[in-house]
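[1] structural data only, the sequence is not supplied:
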């Protein structure tokens, strides 16, 4: 029997009670011994989050060992105490799926017990083949403009090769990325047809970004995985926070949130609203017809039912409205196109400790996503209507086992998708053209994964796994994707060398065109081919060098794609149709640099990327009239050779701070190329001050020099867009108890 036929009923059975693996967790282990290296039994171990009151306790066994399962990703302090010995404290960073082992050598207490704090935690994961970046709540609050509702600065300011062009996030040369919340996927097979935010950064506690080399449990979105750990209430004690801002272009980003916790229960909830006269990137330097607004609600609930069972629920709902920006002649002609979007999801997880080192996680999820483009009555010669509603219901089940040198995970994942599509064309030139297409396509995806991390020696860790996927919708496709990697920790130097090879399959959207609408498209020189899944092959080698708290992390990668997903613009509307290109070749090198806190005042960071994003061959799927150079590689519209983001955080007396970020790009493709646009540089600055524990104010200036430039001018897929002008706004945050 074909494996997909076996997998589907098994997945359905797992989904009956609910299913999903919350890969926002890691496992923390350790060994405690005395000065003679004898194990200490009965030592008290406390694990506490660095930025909240989340805490767990354990006691060492006869071998001096302790273990914490289901530890959310983030920074922690581990404290070990035993009568007759000095108390020892160590800091550690936990990433998703990791299982670090800590060693504590307790010294005898002579006169009185002291607390000895060890140095900084390992800044590099010595067991991972994945290139990853952690961004915490404090960085989101302090980075200029990063906590705005529509901002992606939490990614572009910290991750090399990440930038926003034609209102779409691109990373490592592509824009097919996975968003997870609490480790649970928020599926979306549609390609770049929504411009609204997936999450409000103010609701994020920690963001883990993986951009290649990730394990088989993370799915198939080749170019990036964004794992969001939301605020939970463990950082609050019956406390509310009001955030209000106002600035240029009548922009405001406001939110009120509430949070509290006990030993067994924690909750966090927020309501937010935003508006601006400067929404989407504009086709000219002038800002015309570009208002945007949105409202949102978010909630996170955690309940520890027993010592071995935790229940987690995360839910969100958003509504966004965008005016499609005009050129002066469009505005004079009375064109008033708009885009309305809605997004809602609910993820539930049951996290069960099934035994020593064994973690079972089950979660169902639901995701609703809608994008509705409506052309204005004065559009000429055709008024376009493009509405899409997608609903996803499914889940994932995973079993994780950590024992000795082994860290293994296996699971099933799947969802059903139902779309409701409306596409219409109505002529305004008295030709009588009026075409409408309504469709309700359905699809489903099923996958199984197995992953093993084996610590062969103290300095060598091997990672391997495979992901089997079946997709059925407009097409039926199967994929078996192996992934292997290794991490070598160089003795004494603590440098980490990692390498990776993997394959990915990315399911296509359910979009299609048929009937009279297809006939009309053919008459206009367009054609439509069924969309098939993208298949990718990726190689990567990297080196991480920690020196006295500094960390230099570098990697080179190469991605080969077949049926590469891209998009074709609807005029200059920022609204896109999906297309696939026969072949893509993306090559690049990346470097990140992070400093420790220098002079107890300042931290520095930088993220640099050099890459080439090229395509070859014709369009293999979608609606398009694009004809590439025959038999030659051509640059994709989002190709930018060099990208740099560099920032600093400076703490000043009187509870004040200054943060800044410089962004440089060497220029995107100019038209059909091969020439590129001119280089561009912007600088952002934020000044902040806290008044006690309750009140803080910030003044932020983005693009402080008001440098204006043509950002992209692709004639193939992207449209024409200018960068944003200078924006200045003030933000007030006030906390109070209720």
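    Right, received. Where do you want to start? Quantities reported herein were computed from a predicted structural model and do not represent experimental measurements. Numbers count the residues shown, from 1 in each chain.

[2] now residue 488: which helix or strand?
    Taking DSSP states H and E as the criterion, residue 488 maps to strand 476-489.

[3] other SSEs contacting the next helix or strand after that strand?
    Once the chain leaves strand 476-489, the next helix or strand it forms, by DSSP H and E, is strand 496-506. If you count contacts as 3 or more CB pairs under 8 Å, 6 or more residues apart in numbering; DSSP states H and E, strand 496-506 packs onto strand 460-472, strand 476-489, strand 534-547. Using the backbone N, CA and C atoms, a C-beta is placed for each residue, glycine as well.

[4] what strand or helix carries the nearest residue to residue 46 once chain neighbours are set aside?
    Counting by CB to CB, 6 or more residues apart in numbering, the nearest residue to residue 46 once its immediate chain neighbours are dropped is residue 79, at 4.6 Å. Element membership of residue 79, judged by DSSP H and E, is strand 74-81.

[5] name the helices or strands packed onto that strand?
    If you count contacts as 3+ CB pairs under 8 Å, 6+ apart, strand 74-81 packs onto strand 25-33, strand 44-49, strand 87-94, strand 132-136.

[6] so which of the ones you listed is the most surrounded?
    Highest mean neighbour count among those (mean count of other CB atoms under 10 Å): strand 25-33, with a mean of 22.

[7] mind giving me the packing neighbours of that one?
    strand 44-49, strand 65-72, strand 74-81, strand 87-94, strand 101-105, strand 358-374, strand 382-403.

[8] quick check: beta-bridge partners of the residue positioned nearest the centre of the chain?
    Among the residues of the chain, the one closest to the centroid is residue 226, at 2.2 Å (CA atoms, centre = their mean). In this entry, residue 226 is beta-bridged to residue 179, residue 209, by DSSP bridges.

[9] if I look at it, how far off is residue 199?
    To residue 199, residue 226 is 9 Å away according to CB to CB, to the nearest Å.

[10] can you list the weak-confidence ranges in the stretch 51-200 of the chain?
    Along the stretch 51-200 of the chain, segments meeting pLDDT under 70 span 110-123, 192.

[11] can I assume residue 87 is in contact with residue 81?
    Yes - contact criterion CB atoms under 8 Å: residue 87 and residue 81 qualify, at 4.4 Å.

[12] parallel or antiparallel, which strands does the host helix or strand of residue 444 pair with?
    Secondary-structure assignment from DSSP H and E places residue 444 in strand 442-455. Paired neighbours of strand 442-455 in the sheet (DSSP bridges): strand 406-427 (antiparallel), strand 460-472 (antiparallel).

[13] would you format these as CSV with mean neighbour count and distance to residue 442 included?
    Shown next, in CSV, are the strands paired with strand 442-455 (neighbours: other CB atoms under 10 Å; distance: least, CB to CB, whole Å):
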stretch, mean neighbour count, distance to residue 442
strand 406-427, 20, 5
strand 460-472, 21, 9
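
[14] tabulate those strands (a markdown table), appending mean pLDDT.
    Shown next, in a markdown table, are these (pLDDT from 0 to 100):
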| stretch | mean pLDDT |
| --- | --- |
| strand 406-427 | 90 |
| strand 460-472 | 94 |
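
[15] CSV please, covering those and showing distance to residue 478.
    Formatted as CSV, the strands paired with strand 442-455 follow (distance: least, CB to CB, whole Å):
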stretch, distance to residue 478
strand 406-427, 14
strand 460-472, 5
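
[16] who wins for proximity to residue 719 among those strands?
    Set against residue 719 and scored by CB to CB, the strands paired with strand 442-455 come closest in strand 406-427, at 19.2 Å.

[17] chain center to the closest one, what's the gap?
    Relative to the chain's own centre, strand 406-427 is displaced by 18 Å; criterion: CA atoms, centre = their mean, to the nearest Å.

[18] I'd like the next helix or strand past that strand.
    strand 434-439.

[19] does anything pack onto that next one? Which helices or strands?
    Using 3+ CB pairs under 8 Å, 6+ apart: strand 434-439 touches strand 406-427, helix 515-523.

[20] which stretches of the stretch 601-738 of the chain form helices?
    For the stretch 601-738 of the chain, helices defined by DSSP state H, counting those that start in this stretch do not occur.

[21] any low-confidence regions in it?
    623-629, 714-718.
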